[in-house]
Structure formats: C-alpha cells, structure tokens
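**Q** Return a 3D structure for these sequence lines:
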Amino acid sequence: VQALAVSGTNLFAGTFNGGVFLSTNNGASWTAVNNGLTHLDVYAIAVSGTNILAGTYDGGVYLSTNNGNYWTQVIYGLSSLTITSLVFSGTNLFAGDYYEGVCLSTNNGSNWTPVVNGLTNNDVMTLAVSGTNIFAGTLGGVFLSTNNGNNWTAVNNGLTSLRVNALAVSGTKIFAGTAVGGVFFSMDNGNNWTAGNNGVTAQDIKSLTVSGPDVFAGTNGSGVFLSI
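**A** Numbers count the residues shown, from 1 in each chain. Here you go, the predicted model:
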C-alpha cells in the first residue's frame, strides 16, 4: 500500500501492482476498483468532492467520478507520467512527478501545465499545501511557491538532508521527513528548519501525517513514531 485517501465514508488504498482498493467499512473488507485503470502501480490518491484522482507509475493520472467504479486517464499536457504525489489547493490540482517537477491542472486533470520556474530539482517526491503556499519536497530539498506554482524558491536553510520523502502541515508549522536526516520542522514557511529527532531512532522517514497536535512519522524499518 503506497497511498491512502478518505472520501466521506469511503477509504481508498493505492497499491503497488494491484491498483486501487475501496473499503466502505473502515478497512474491515476491501474491493478492487480498477475498471479503466490500466496502470496498477498507484503512488498517490487525491480527493475533491466526488472526484477521485490516482497518480501512477508510467501511466500519469486517472480520474474517477463514481468512487472508483470507472477510471479515465487524464494526461493531456503532462510532461512525464510517473506521478508521485497529488494535492488540491482550492480548485487547483498539483501533480508531483519523479522526473519532470510539478504540473498544474485547473479542471480536475483534463489539461495540465508544467509549473517548474525556479524548481532546480525536478525529482519531486511529495507535495503539501499550507494556505496559499505550495511546498514541493524533492531529492534536492524543499521548494516553496506562493503563486500557484508560477515561481518556486528553494527553502533549505538548516535542512541537513536534502532527500525529502514526506511533507506535512500543522497550523503554521511545516514538517519534512528526509531519507538520511530524520524529521525537520519549520515555523516560517521553510525559510529555516530545525531537526526534530529526539526519540526518533530511524533516519529514513517515508511518511508524515498530522492529527490535531499529534504528528506521526512512518519510517523505513523502524515502524511509526509519535510526537504529541
């Protein structure tokens, strides 16, 4: 399982080589929902209203408007088809690509436009939204856009590991999970980062999520860590 997303009472799981699965009972049982989904390595899932979007390896983005019963490939304008992350900022949909940076769609994926000005590393691993700010975590650090991706600025001061696998937002605080440096946090939109690894015995952070004041970090080989 490489991605999870919630739409009302529906829970979607994106898997490696198995496509998308749907649970309507909090994961007690699952049903594959892959009709039309011809690329089954799903890296990312995003939800906006009745629209479910899946980012795949080598297949770009797929859209379902009926809870996964049928998928349509929506790749017009995508510069590459290996999608690692999908996030909504209002009605704007951003796709992070492992090779070609970030693309923007304003119509649920029907058309895409590359938005890479200032993005000096195009290996995007993760995206996060904080208000009107868009953050991209790459293999070359964190980049910030304040204008819907039209321009990006590197924000890496204090970030001793630039291989960023995960980003999460809690109020005005931004968290970054790195491949060799553990967890970092920023209180000023990424302009300055501080390591937050007290108690974290693993340095390879694969995922981050926030629930109220609690922050969870999923690691490679050492399970999950919690900060309250």
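**Q** and the next element down the chain from the helix or strand containing residue 102?
**A** Element membership for residue 102, per DSSP states H and E: strand 101-105. Remark: after strand 101-105, the chain's next helix or strand is strand 113-114, criterion DSSP H and E.
**Q** Enumerate the positions of stretch 1-15 that are buried.
**A** Neighbour counts over stretch 1-15 (16 or more other CB atoms under 10 Å) mark 2-3, 5, 7, 11-15 as buried. (Each C-beta comes from the backbone N, C-alpha and C, glycine too.)
**Q** now these in TSV, with pLDDT, distance to residue 37 and secondary structure?
**A** As requested, the buried residues of stretch 1-15 are exported to TSV (pLDDT from 0 to 100; distance: CB to CB, whole Å; DSSP: H, G, I helix; E, B strand; the rest coil):
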residue	pLDDT	distance to residue 37	secondary structure
2	93	14	coil
3	95	13	strand
5	95	15	strand
7	92	16	strand
11	96	17	strand
12	96	12	strand
13	97	13	strand
14	96	10	strand
15	97	11	strand
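**Q** so what strands line up beside the strand holding residue 102?
**A** Strand pairing for strand 101-105, determined by DSSP bridges: strand 92-97 (antiparallel), strand 113-114 (antiparallel).
**Q** In terms of pLDDT, where does residue 66 sit?
**A** Per-residue confidence (pLDDT) for residue 66: 93.
**Q** Show the contacting residues for it.
**A** residue 50 (CB atoms under 8 Å, 6 or more residues apart in numbering).
**Q** let's go with 10 Å and repeat that
**A** 33, 35, 50-52 (CB atoms under 10 Å, 6 or more residues apart in numbering).
**Q** if we can go back for a sec, got the strands paired with strand 101-105 as a markdown table, with distance to residue 44 and mean pLDDT columns?
**A** Formatted as a markdown table, the strands paired with strand 101-105 follow (distance: least, CB to CB, whole Å; pLDDT from 0 to 100):
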| stretch | distance to residue 44 | mean pLDDT |
| --- | --- | --- |
| strand 92-97 | 8 | 96 |
| strand 113-114 | 17 | 96 |
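**Q** how about stretch 16-31 as CSV, C-alpha atoms only?
**A** Taking C-alpha atoms only, stretch 16-31 is exported to CSV below (Å, rounded to 0.1, in the frame of the first residue of the first chain):
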residue,chain,number,x,y,z
PHE,A,16,1.9,-1.5,-5.9
ASN,A,17,0.9,-3.7,-8.9
GLY,A,18,-2.7,-4.0,-7.6
GLY,A,19,-4.3,-0.8,-8.4
VAL,A,20,-6.9,0.9,-6.2
PHE,A,21,-9.0,-0.8,-3.5
LEU,A,22,-12.1,0.6,-1.8
SER,A,23,-13.4,0.0,1.7
THR,A,24,-16.7,1.2,2.9
ASN,A,25,-16.3,-0.2,6.5
ASN,A,26,-13.1,1.3,7.8
GLY,A,27,-10.9,-1.3,6.2
ALA,A,28,-12.7,-4.4,7.5
SER,A,29,-13.0,-5.5,3.9
TRP,A,30,-11.7,-4.3,0.5
THR,A,31,-12.8,-4.4,-3.1
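**Q** Alright, I will stop here.
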